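Chemist: A structural model of the following input is requested.
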Amino acid sequence: MLILYTKDKCVYCHFLKEKLDDWDMEYATVHNAPLPKGHSTYPQLYYKGRDVQLGSSTDLDRSNLESRIERIEWPNIDGGIE
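Modeler: Got it, this is the predicted structure:
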């Protein structure tokens, strides 16, 4: 399951929640908690302890998110061309 780190009065947190809801993605919210190491801004989106947002939340689209989750689930998938 996705873990979304959010804080109070965060417009970008709200926008990312809307995206995830529109995409029918299940996620748990960690609200007003310290961010994972290496991050200084909210929101942050993690899957199995790995950053799947990888940059600005406004740039994240469904295709990129699904691809990043797939890479975590199936780390040995190659590009398909041998």
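
Chemist: what residue ranges in this protein score low on pLDDT?
Modeler: 77-82 (pLDDT under 70).

Chemist: rerun at 90
Modeler: Counting by pLDDT under 90, the chain contains low-confidence ranges at 74-82.

Chemist: Please enumerate the helices of it.
Modeler: Remark: helices assigned in the chain by DSSP state H are 11-22, 62-73.

Chemist: Would you quantify the distance from the residue nearest to residue 33 when sequence neighbours are not counted to residue 63?
Modeler: What sits nearest to residue 33 in space, not counting adjacent residues and going by C-beta to C-beta, 6 or more residues apart in numbering, is residue 5, at 6.6 Å. All C-beta atoms are positioned from the backbone trio N, CA, C, and that covers glycine. Distance from residue 5 to residue 63, counting by C-beta to C-beta, to the nearest Å: 22 Å.

Chemist: So for these two, which residue has more residues nearby?
Modeler: residue 5 (23 against 8; other C-beta atoms under 10 Å).

Chemist: So what pairs up with that one in the strands?
Modeler: Going by DSSP bridges, residue 5 is paired in beta bridges with residue 30, residue 44.
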